[in-house]
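[1] okay, structure incoming, though there's no sequence with it:
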């Protein structure tokens, strides 16, 4: 039986297994879901065993466990290390979901006429990660696996992978590989496949502005004391100028833009503004002057407030001046920006611009550096060939807006480059209500991964 | 028995009755406390019956009931209408209370060496309102009541008295009186008594900035779409200039300052900055350039954000760009500013300054006009004399920062001026955790009210 026949024959089971995985609310940031998250790891381990791995184990960490599995077919064969994550983002706001976030529901949409699976984690990253588990199963069960394969599936990607770096440092030898393969990014579209060659870095911080020990009556104190919400608004507003350029001193020092050739390719890549805007239903596009949307999300850094709170937020009215106002602020980083340096620059600047009437606290959550994949390598060419084969189109190299902070660390610690071969769409509602993953995308991924394994084995053979 | 003897003899009972009233969590804005609020009205009614009123009744409204009571001793006598409220502000943030907010606890403080009663509503306005119930009881029970007295105690002051205006319109005849007496303001200090002659008006609005239908992933959309939190911060920040002057066009058109003589009196009034700052524990004073603190809270309008929320505000991090950000914004008004006009000016301006990438909603909550008490009247002179008698000091006329929106309406509908004879301190934590009311203040109030009744009867007799 060919791999393709095997996949065809087991379609329904593959989908049902993915649904089983999705039903587990493995929200890594929520302590009340610690057990669920662990259970999800166990389930991933079971699927890897059933896929035919030589070994599949849970490695405990200070947080959620890492699932590691491997199948070694020969010391002379190239080794592909698949990385993915089984944890998901919180599902709130719950009332904006059309179907329960942890009850996978198949529905068709304009973009997904063959149906898509709606649920938290459907695409990010359970569906995309599971592509590899099933593709490898198909190769193993049909006796066609051409490379050694290792899996490292973690449960803390959505909270910044705090325990993955120590793990890869400790198990550097076990993780030895020629390339790392990740599906946690997007395709341009069905007819315009792409490979992600740039990932933004990230730094994420909590800030707190305190103006008093206790809340105050706005009548007795209003006008004569600092209102920490107004101060926070002033401070946040001052972090960008009218052109949406970030005003933190030295913020752009390490930003280098891609070559003019690459920028031209990106500008020529098909971009459907209406489709892009339609998924979250935005009213218009905006951003730093002089750049296209792909450039704004791919090669420019950002500064966004991800959450803000302070004062009375309940029903009705309360004439209070609160003691404290807080915000969660993140910056996406590009090129050679270093997240630790940016965190420091932000913190210094934020404290520096505060008026004397408030006290500032800044708590960095997590961060990661940007990453750029070289495109003149056997692994990139293998990915290109695989996609050309299954999509019938050569993929465009794309800079993506999201972050997978660990990818830069893989390069630093393991010395291995990463291929970011994602199969979702940007419009799949990642981190949002009604997240979904197309069935077409899921099975196209399962079809493409074996093509990559074959192409990579051939190319390494040629280079050897 | 004299009134003073009667008060002395019943001190403990007066205090216990006040505690009983305070234990009822009559939070008017919280629908889950509707029953408590009603129960509190019934309790006030009972105390008025026991005080010896001819009648004491509950008048239902579309919201919480109004308690009305009266004792008429003669058609030829002047009539004093006491207004107060039995509803309270919400108690949150609960974790900042040292003792439970609805379990009155007596503790001494530097300002209150004879003890203060700590609880939500202790001073605002249960304690201050109850002064009148007990003072009138003392006069009635000792046969020394010199004026007719009417009570109108409502349960919706903290939510803007939405049903009081229709009530006073409907019962204008029943409420006929020569002066309205309210204790819902503050004294400068024990040794520097004051009468409030200015109250700020208020307009309170909810604003909502929507940038999308659904929340977005900050990686995929960050930098290319409007972030409603950043937009809200920009918009709020732009509402004041660097000198803290409000930038809404025409905002200051109807602001007239008091006479230079009155401003001098205010500037000369004792002001203990440290004491003022200590109660909420603020780190410094600030406000519009060129004004003292009393002027900033008394004769200047304000714009404060009372609450703000949007995006992810839970534990940990979520890289989301929210669809919506919201805020509660209030403006304190002075002099001849009209709250409906200001609400309109704010709404127009807020929509006008919004970028095209967002949609703005503005929902006014409630409002009220500023009020200024004339000081050349028998009632003001009676209040001055009463305080001179019981405090041994002539009271300073003060402009206060708080709002009692209905006072301007009393003047408009009933044609009667109001005397604002408050007995609390600004530092008593109104609307804040650990609100309290000094026992000295409570009993000094009960002693002063009969002095006012006598002085007023005398003065009206002289003018008649």
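    Nice, I can see it. This is a predicted model, so every value here is computed, not measured.
[2] list the contacts of the lowest-mean-pLDDT helix or strand in chain A.
    Within chain A, no helix or strand scores below helix A:260-268, which has a mean of 80 by mean pLDDT, DSSP states H and E. Here helix A:260-268 makes contact (C-beta atoms under 8 Å, 6 or more residues apart in numbering or on different chains) with A:257-258, A:292, A:294-295, A:298-299, A:396-399. C-beta coordinates here come from the backbone N, C-alpha and C atoms, glycine included.
[3] which residues of chain A score low on pLDDT?
    A:464 (pLDDT under 70).
[4] any idea which helix is longest in it?
    When secondary structure is assigned using DSSP state H, the longest helix within chain A turns out to be helix A:439-463.
[5] so which elements touch that one?
    helix A:3-9, helix A:11-22, strand A:116-118, helix A:128-141, strand A:179-182, helix A:378-391 (3 or more C-beta pairs under 8 Å, 6 or more residues apart in numbering or on different chains; DSSP states H and E).
[6] winner for burial among the ones you listed?
    Of all these, strand A:116-118 has the most neighbours on average by mean count of other C-beta atoms under 10 Å in any protein chain shown, namely a mean of 26.
[7] what's around the closest residue to chain B within the stretch 251-400 of chain A, how many residues?
    Closest residue of the stretch 251-400 of chain A to chain B, C-beta to the nearest C-beta: residue A:281 (2.7 Å). Neighbours of residue A:281 under the rule other C-beta atoms under 10 Å in any protein chain shown: 13.
[8] ok, the one 5 residues further on next?
    Under the neighbour criterion other C-beta under 10 Å, residue A:286 is assigned a count of 21.
[9] what about the helices in the stretch 151-300 of chain A?
    Along the stretch 151-300 of chain A, counting by DSSP state H, counting those that start in this stretch, helices occupy A:164-170, A:218-221, A:228-237, A:260-268, A:273-278, A:293-298.
[10] next, the buried residues of the first one.
    This means helix A:164-170. Across helix A:164-170, burial judged by 16 or more other C-beta atoms under 10 Å in any protein chain shown covers A:164-165, A:167-168.
[11] of the helices of the stretch 151-300 of chain A, which is nearest residue B:210?
    Closest approach to residue B:210 among the helices of the stretch 151-300 of chain A (C-beta to C-beta): helix A:273-278, 14.0 Å.
[12] got the residues of the stretch 1-150 of chain A near chain B?
    Residues of the stretch 1-150 of chain A lying near chain B by C-beta under 8 Å from any C-beta of the partner chain: A:29-31, A:89-90, A:92-93, A:96.
[13] now with 6 Å?
    A:29, A:90 (C-beta under 6 Å from any C-beta of the partner chain).
[14] show me what counts as buried in stretch A:339-348.
    A:339, A:341-343, A:345-347.
[15] and what of stretch A:86-101?
    Within stretch A:86-101, the residues that count as buried by 16+ other C-beta under 10 Å are A:86-93, A:97, A:101.
[16] cool, and stretch A:408-417?
    A:408-411, A:413-414, A:416-417.
[17] between the residues you listed, which is nearest residue B:226?
    Using C-beta to C-beta, residue A:408 is the member of the buried residues of stretch A:408-417 that lies nearest residue B:226, at 29.2 Å.
[18] check which helix or strand that closest one maps to.
    Element membership of residue A:408 [criterion: DSSP states H and E] is helix A:406-409.
[19] can you name the element that comes right after that helix?
    Using DSSP H and E, the helix or strand that follows helix A:406-409 towards the C-terminus is strand A:418-420.
[20] my guess is the residue of the stretch 251-400 of chain A closest to chain B meets residue B:213, correct?
    Yes: look at residue A:281 against residue B:213 with C-beta atoms under 6 Å: they come within range, at 2.7 Å.
[21] that older thread, among the helices and strands packed on helix A:439-463, which is nearest residue B:201?
    Per C-beta to C-beta, nearest to residue B:201 of these: strand A:116-118, 50.3 Å.
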